[in-house]
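Visitor: Compute the structure for the input listed below.
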Amino acid sequence: MNVLSDQIALVTGAARGIGATIAEKLASEGAHVVCADLLSCEETRDRILASGGKAEARELDVSKHEAAATLIKEIHSEHGRLDILVNNAGITRDQLLIRMKPEDWALVLKINLEGAFNLSQPAAKLMMKQRSGRIINMASIIGLMGNAGQGNYAASKAGLIGFTKSLAKELGPRNITVNAIAPGYIRTPMTEALSDAQREALMKSIAIPRLGEPEDIASAVAFLAGPGASYITGVVLNVSGGLYT
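Guide: Next up, the predicted model:
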């Protein structure tokens, strides 16, 4: 079913990994997807087009407020609306606190948290005029439970959760929902590099003893973007297989 037919979606960090999978999932549900990333999104766009979907690729540095505002204006000019914003772009610069470089602290906060602000502010203005819209922020279980060596990442994701809940209260009266997804350990090149011992220890801590797949996150995004989630806002959807309960 094309439950998102005629809707315009913007997905950041869509060049690869979870972001690319989210873009492809929304397109499969009928949305026209604007794939945005600092890296080239042409491969993601081309896969969507090859499967019969609708998509375009845009270059975007989410840390640049003016660039984010310009992209929202261009989407409005070309499509007349923006229905779904997925703030997925994010980075890690892991290190113990006593060894962390101040620039690595600042960069993670700038991309992961300020980047979501940079897109959400102009998107919210547009959605308020429409009196409809969905904003979905990509948080992490690390923002809920913390993790040694990831103080900057945990702070950025915890901040994103607070931002999500506050924005939900602000925008709810205009029929705009704002939710977050907190992925657990998802099958990516990073988790594929785990040793057998590390993988075995991890599996013992997950109620569903497997790594998550990018499709698990994409399905959660599609649900929150769809009509079945019209009365859900301010929620952090934990998609971790029971790692964090």
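Visitor: CA atoms for contacts and neighbours, from now on please.
Guide: Will do.
Visitor: burial count for the nearest residue to S140 once chain neighbours are set aside?
Guide: In space, and not counting its chain neighbours, S140 is closest to A182: 3.8 Å by CA to CA, 6 or more residues apart in numbering. Look at A182: counted by other CA atoms under 10 Å, it has 21 neighbours.
Visitor: so A182, which of the three states?
Guide: The three-state label given to A182 by DSSP: H, G, I helix; E, B strand; the rest coil is strand.
Visitor: Which strand residues bridge it?
Guide: On the basis of DSSP bridges, A182 is bridged to N238.
Visitor: and the gap between it and A193?
Guide: Distance from A182 to A193, counting by CA to CA, to the nearest Å: 22 Å.
Visitor: Please pull out the lowest mean pLDDT helix or strand from this structure.
Guide: helix 189-192 (a mean of 70; mean pLDDT, DSSP states H and E).
Visitor: And the following helix or strand past it, what's buried?
Guide: Going down the chain from helix 189-192, the next helix or strand is helix 196-205, by DSSP states H and E. For helix 196-205, a neighbour-count test (16 or more other CA atoms under 10 Å) marks L202 as buried.
Visitor: Can you list the helices and strands that the helix or strand that comes right after helix 196-205 packs against?
Guide: As assigned by DSSP H and E, the chain's next helix or strand after helix 196-205 is helix 214-225. Other elements packing on helix 214-225 under the criterion 3 or more CA pairs under 8 Å, 6 or more residues apart in numbering; DSSP states H and E are helix 17-28, strand 133-138, strand 176-183, strand 236-239.
Visitor: number of nearby residues for the closest residue in space to C35 that isn't next to it in sequence?
Guide: Counting by CA to CA, 6+ apart, A57 is the residue found nearest to C35 once chain neighbours are left out, at 4.9 Å. The number of residues packed around A57, counting by other CA under 10 Å, is 19.
Visitor: tell me the contacts of A57?
Guide: Neighbouring residues of A57 by CA atoms under 8 Å, 6 or more residues apart in numbering: V34, C35, A36, S40, C41, E42, T44, R45.
Visitor: Find the helix or strand that it is a member of.
Guide: Residue-wise, A57 maps onto strand 54-59 under DSSP H and E.
Visitor: Average pLDDT for that strand, rounded please.
Guide: Average pLDDT, strand 54-59: 98.
Visitor: Below-threshold pLDDT in the chain: ranges please.
Guide: 1, 189-190 (pLDDT under 70).
Visitor: Helix, strand or coil: sort out Y231 for me.
Guide: Following three-state DSSP, the label given to Y231 is coil.
Visitor: is the spatially closest residue to it that is not a sequence neighbour in a bridge, and if so with what?
Guide: Spatially, and ignoring its direct neighbours in sequence, Y231 is nearest to T177 (7.9 Å; CA to CA, 6+ apart). When bridges are called by DSSP bridges, T177 pairs up with R134.
Visitor: count of neighbours near T177?
Guide: Other residues within reach of T177, judged by other CA under 10 Å, total 28.
Visitor: do the same with D46
Guide: As a burial measure, D46 scores 16 neighbours (other CA under 10 Å).
Visitor: Next: A193.
Guide: 11.
Visitor: Also E103?
Guide: 10.
Visitor: Enumerate every residue touching S240.
Guide: I141, A182, P183, G184, Y185, I206, G212 are the contacts of S240 under CA under 8 Å, 6+ apart.
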